[in-house]
Structure formats: C-alpha cells, structure tokens
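sequence below, structure please.
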Amino acid sequence: MSHQTFSCFGSRCGLWVTGAGAASAIADARRILENWQVRFSRFLGSSELSRLNADPRVVVPVSTTMAQLLRVVREAAEATGGLVDGTLAREIEDAGYGSDLAAPLPLALALRLAPPRRPARPRPWRDFTVDGWEVTRPPGLAFDSGGLAKGLFADLIAERLAGFESFAVDCGGDVRFAGPERTVAVADPFGGVPLHRFRLSTGAVATSGIGRRSWLDPGGRPAHHLLDPATGRQAFTGVVQATALAPTAVEAEWRAKAAVLSGPETARDWLPHGGIVVLDDRSHFTVPVQDLVPQDGPLLLTANP
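Below is the predicted model:
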C-alpha cells in the first residue's frame, strides 16, 4: 500500500491506495486537494468561495466543483430541516472565526464557562438554487465551505480511486474508504483512550464536535464553530462530539453535525448507519453499524451537464 499524509484544509489529510499505479494516483489526488484548498478557503480573499460571497449579483456563474458544493449545502439543509446550515458564513466570522485559529480552548474549560444547554433550532431557510453553472441566491447570502466541503472532496477523490484494490481518503477527518476490513478508532474529545473501534470495509465516517475549533470571544465567553442557525451563536447542546458512519463522506458529515446540534435526546436518530455520541458529562453511547454500502451511487457528486 502507498500512502501520504499532509497538511490541508487547516488540518491533516491522508491518502492510502493499494494497486498498480497507486503512487501516481496519490500524487494526483494530493494536487487536486491542495488546489481545492486554495479555491474554497474562506480565509483567502482571492479564492473562488470568497469571490462568490463578495459578489453583489443575485445570479453568479460558478465552476463545476463549486456547483457541486452548493448542491451539497442545499441537500444537507433539506435533509436536516435546516439544522445543518452552510449559509452561516457571516455569522461564523462575526463570532470570531475569520482566520485560521490558534490552539483550541480546552474542552473542559469551555464547558465550565458555557451557557445552559439547549438543542439548536433551524432558522427560516434563505433559499438558493443551482442551475447548471449558475447560483441564484438572496442578496448578501454567503456560503461556508466547512465540513461539507471536506466530505464532498473525500467522495470526489474516492470516485477517482474506485478502480484500485483498496483506498482510503481522509480530508481532515472526513474519511471515505473501500477494500478489506479495517479498524476505525474514535478519539475521546477529553483526551482519554479511544472510545470505540469499528471494523469496517466500505463506506465513510466523519466526526463533528466543539472541541477542536474553539476560542474565547472578546467578552471572555467560550466560542466554537458549530452555530445554532436560529440564533447565529454557538450551540451548546449537551453533545460535545458525534461520529457518524454512512455510505458517503458527505452524508456522514451532515449526520455527525446534526447529531451534535440536535442534543442528547435526538442525537441517536441522526445515526441510522451507526456511530458514537459523546456527552458533556464525558459519557458516551454507541449506535451499532448498519448498511454502509451505497445503494444508488455517490451522493450529489455529478454536476448538471
């Protein structure tokens, strides 16, 4: 097996491929991922995403990959009733996440300072449409690439590697894989030993939580990157981390995020393929693995011709 790990998307990415031509395929995939990092970063004013968000027009032409990402944003919102909202870019910047972050705030400290727990709620959906290579959106609506982009990119690279004996694509924690059975360990957000190990062969896994991208806001209040759409402020729901299994990385991403945002009472409902939920009292529960094999092909990966 050939493999590489490297910094990308503000995190670590990895590629593992078995079969003839694996090294060349990995090099090609890495070039593509590093290109997407530049094109879809909120932190680069020259990126395609930043130019789209700054464009005053209601109808804006976009690239094929951007059109795919915007379809994923819309699909995630529709699937979660607006709970996973990829149009909160203005709000996340106002909260203090306008550039790469320093070391995260210790999770135990953030929880001590956090407000009372309550489930997140969707806001009235600001609708947008993607038709071919054009997006039509309300004036001022801005998109946040975030975890949905990493899930999409893992799935797109997986499509390119589908002919190999086995592969795994890790885009900053959104992982898509196929081949022989392997072990996937779920980390403890409080720094303890791994919470669980799944034995999986084909599918995807993603983890969402409030521990890795966190800071103190100017008022000394704990802040993180998962917002309650209804308020535009950080969501402290009682769930600090959720790991979702799914047939695709995009689906695993929005399911993990929805599980965190929905709170302890309904988090399990978002994990029909399996996963783990960690609560703020350091307890956790596991949802058994169900069918991970895609039944209808990859999710939302083909742009309109």
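
for the stretch 1-150 of the chain, just list every one of the strands.
For the stretch 1-150 of the chain, strands defined by DSSP state E, counting those that start in this stretch occupy the ranges 2-8, 11-18, 59-61, 129-131, 134-136.

what are the buried residues along stretch 21-29?
By 16 or more other C-beta atoms under 10 Å, the buried positions in stretch 21-29 come out as A22, A25, I26, A29. Quick note: C-beta positions are derived from backbone N, CA and C, even for glycine.

ok, so of those, who is nearest P229?
A29 (33.2 Å; C-beta to C-beta).

what's the local residue count around the nearest residue to that closest one once chain neighbours are set aside?
Using C-beta to C-beta, 6 or more residues apart in numbering and skipping the chain neighbours, the partner closest in space to A29 is I157 (4.9 Å). For I157, the neighbour count with other C-beta atoms under 10 Å is 25.

helices or strands up against whichever helix or strand I157 is part of?
Per DSSP states H and E, I157 falls inside helix 146-160. Helices and strands touching helix 146-160, by 3 or more C-beta pairs under 8 Å, 6 or more residues apart in numbering; DSSP states H and E, are helix 22-39, helix 64-79, strand 166-171, strand 174-178, strand 203-209, helix 249-262.

show me how far that helix is from its chain's centre.
Centroid separation for helix 146-160 versus its chain: 9 Å, with C-alpha atoms, centre = their mean, to the nearest Å.

with stretch 238-254 instead?
The answer for stretch 238-254 is 8 Å, by C-alpha atoms, centre = their mean.

mean confidence for that stretch?
For stretch 238-254, the mean pLDDT works out to 97.

quick one on the thing from earlier: point out the most buried one among the helices and strands packed on helix 146-160.
Mean neighbour count (mean count of other C-beta atoms under 10 Å) peaks for helix 249-262 among the helices and strands packed on helix 146-160, with a mean of 29.

that helix - contacts with which helices or strands?
helix 64-79, helix 146-160, strand 174-178, strand 203-209, strand 239-246, strand 275-279.

re earlier: need the helices and strands packed on helix 146-160 in JSON lines with distance to T231, can you?
Formatted as JSON lines, the helices and strands packed on helix 146-160 follow (distance: least, C-beta to C-beta, whole Å):
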{"stretch": "helix 22-39", "distance to T231": "30"}
{"stretch": "helix 64-79", "distance to T231": "17"}
{"stretch": "strand 166-171", "distance to T231": "29"}
{"stretch": "strand 174-178", "distance to T231": "26"}
{"stretch": "strand 203-209", "distance to T231": "19"}
{"stretch": "helix 249-262", "distance to T231": "12"}
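
show me the residues around E181 that make contact.
Contacts here follow C-beta atoms under 8 Å, 6 or more residues apart in numbering; on that basis E181 touches R199, L200, S201.
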